[in-house]
Structure formats: C-alpha cells, structure tokens
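S.K.: Give me coordinates for this.
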Amino acid sequence: MREEMRQVLTEKEQQTLGINMGAGSDHPRAWVGPPFIYDLLGAMQFQLLIDLGMRENHKFLDVGCGSLRLGRLAINYLLENRYFGLEPNVDILNRGCEMHFGADIEKSQVIAKKKATFAHNTDFDFSLTGGPVDFVFAQSIASHTGPAMTLKLLKAIADVSHDDTVSMVTYIRCGMPSKSNTEEGWFYPECVTYTDQAFGAFARQAGLHAYRTVWPATNIREDGLVTTQHPTILTKRPWKPRLNQRMTASLFEGIQKIN
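M.R.: Numbers count the residues shown, from 1 in each chain. Sure thing, here's the model as predicted:
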C-alpha cells in the first residue's frame, strides 16, 4: 500500500504526507500509525460510527485524537459542542489541526465555529465532556497499554456512558494466552497484544459488555503477522444492532460477545 501511494504522489507530496516515515515518527500522520493508510483508517473509523448510528446531533468523545485523523471528519460532521478530543501530545494535535484546517487549535476558524473541546491529560480524565456522551472511539490506545491502564481506560469510558452509549476500543488480538500482555505501563511506539478473553475480562470489570467485530485487515507485515487493530464494541447493557445499523451492516454479521 505504501508503494501504491509512492506511484501516484509527487516527491513533495510524499514528504508533506510523511509517506516514507515509519509509524511513531515525528510527523502528524506518522505519529498515530502507518502514514500511508492515514486516510483509509480515518475513513473506516468514521464509517463505523455512521454504521453504528451516529448522527450529527450526537455527542462524541475521541480518545487519543492525535492529529485528527478521525477528527477532521467528525468535527465537520457534528453540530456545535458535540466533539470532544483527548490528546496528551499538544504539538501533534496542533500540527494536525494546521494540516487539516489551516491553523492550530487556538486559531482555527473550523474549531471555533464547531466549538470543539479538547483536553490534554494522560489520566483518562474525560471531564471535558461535561457529562455522558453518545459515542466513544479509542483507536490505538489499548494496543499500547498494560492491564492496569487498559482497565482504567475502560472504567473511564463507562463513567461517561449512558445506557445507550456505544463505544469502540481497538486492540491487537492474539490467539494464544501466552502472547497476551501482562506487563504494566505505556508502550509506544511498540505495541502489545491481548486475547479476546483477556480484553473481555477487563471490560467485565469495568461493567461493560464487549463484542468483537469484523474489521478489514489493513495492516499485514511481510512476515505475515496481522497487526490490524480490531474495534470492540462496548456497551453498558446488552447490545443489538438497531434497524438502521442492520441495513448497512455486513460489518455486524460476525459480531461475537467476548465476555
């Protein structure tokens, strides 16, 4: 996929978009993951939110919003005061905002018009929302957190959820319990893996139902290892796709409850 991008972009565009950089590099697109699928991942996240029923009037929390890979779509879509972004790396957030909207967070006319709200803590303090939200997406957070931090993230999500809130949290799945991470801490740009059983247990401790979804395998290494981060749906009460979701949702046909 990187090579395909190289074939259609000029050298200047490749430099601007960071196409040749590795994930975790000091670039707004590369810092949050493979830069050559930055557009694809953001669009897939946004499409999942729409498939799950997010409308412009809903309140949405973007955990680890980074350089606004998803935020550039969600902010424009949602009505005023509906977008909340948590990102500890203020520099990456501002550079991403400038890349997408022409100015940093403080000066962007788009951010001002949409009244998007941001916070920058590392404690999963979601008080910026001022109360419950309708949708949450935590992309590529639990792929870097040890068990204690993962549980803290899920409990924080539960605290800003009402009975109908739908949350998505991604992690890298592994099939063998021996490969499921038990080390504590924050690992970046390195990744950790969890079995569905381990992640499902974290969700249960947080008071959440967890459902494994189908997700296209966009990231496959040359050695065959699939490092795609599959979203898991989390809800406070048992979840079933609504009618509008079932109409658009081959995505939901392979859902499995994991706790």
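
S.K.: tell me which residues in the longest strand anywhere in the chain are buried?
M.R.: Taking DSSP state E as the criterion, the chain has its longest strand at strand 161-173. Neighbour-count burial for strand 161-173 flags 161, 165, 166, 167, 168, 169, 170, 171, 172, 173 (criterion: 16 or more other C-beta atoms under 10 Å). To be clear about C-beta, it is placed using only N, CA and C from the backbone, and glycine gets the same treatment.

S.K.: roughly how far apart are residue 42 and residue 100?
M.R.: Distance, residue 42 to residue 100, using C-beta to C-beta, to the nearest Å: 10 Å.

S.K.: can you check residue 25 too?
M.R.: In terms of C-beta to C-beta, residue 25 sits 18 Å off from residue 100.

S.K.: And these two? Which one has more around it.
M.R.: The neighbour count for residue 25 versus residue 100, taken as other C-beta atoms under 10 Å, is higher for residue 100 (19 against 13).

S.K.: so the more buried one, which of the three states?
M.R.: Put simply, residue 100 is helix when judged by DSSP: H, G, I helix; E, B strand; the rest coil.

S.K.: Where does pLDDT dip in the stretch 151-259 of the chain?
M.R.: 216-228, 242-254 (pLDDT under 70).

S.K.: in it, which spans are helices?
M.R.: Counting by DSSP state H, counting those that start in this stretch, the segments of the stretch 151-259 of the chain that form helices are 196-205, 243-247.

S.K.: what do residue 42 and residue 100 both touch?
M.R.: Shared contacts of residue 42 and residue 100 (C-beta atoms under 8 Å, 6 or more residues apart in numbering): residue 72.

S.K.: quick one, what contacts residue 58?
M.R.: Residue 58 neighbours (C-beta under 8 Å, 6+ apart): 78, 82, 133, 134, 135.

S.K.: I should have written residue 103 there, sorry.
M.R.: Residue 103 neighbours (C-beta under 8 Å, 6+ apart): 97, 109.

S.K.: Ok, the one 5 residues further on next?
M.R.: Residues near residue 108 by C-beta under 8 Å, 6+ apart: 97, 98, 101, 102.

S.K.: where does the residue most central in space within the chain land on pLDDT?
M.R.: With distances taken as C-alpha atoms, centre = their mean, residue 139 lies nearest the centre of the chain, 2.0 Å away. pLDDT for residue 139: 93.

S.K.: Next, give phi and psi for it.
M.R.: The phi/psi pair for residue 139 (degrees, to the nearest 10) reads phi -90, psi 130.

S.K.: count of residues packed around residue 152?
M.R.: Neighbour tally, residue 152, other C-beta under 10 Å: 16.

S.K.: Can you get me a residue count around residue 133?
M.R.: Neighbour tally, residue 133, other C-beta under 10 Å: 22.

S.K.: got it, and the one 3 residues further on?
M.R.: The tally of other residues near residue 136 (other C-beta under 10 Å) stands at 25.

S.K.: what about the helix or strand hosting it, distance to the chain center?
M.R.: Taking DSSP states H and E as the criterion, residue 136 maps to strand 133-138. Taking C-alpha atoms, centre = their mean, to the nearest Å, one finds the center of strand 133-138 at 10 Å from the center of the full chain.

S.K.: now what about it, what contacts it?
M.R.: 45, 48-49, 52, 54, 58-64, 70, 84, 153, 157, 160-162, 164-170, 231, 234.

S.K.: and if we set it to 7 Å?
M.R.: If you take C-beta atoms under 7 Å, 6 or more residues apart in numbering as the criterion, strand 133-138 is touched by 45, 49, 54, 58-64, 70, 84, 153, 157, 160, 165-169.

S.K.: Could you do stretch 179-188 as well?
M.R.: Applying C-beta under 7 Å, 6+ apart, the external contacts of stretch 179-188 come out as 24, 144-149, 174, 192-195, 198.
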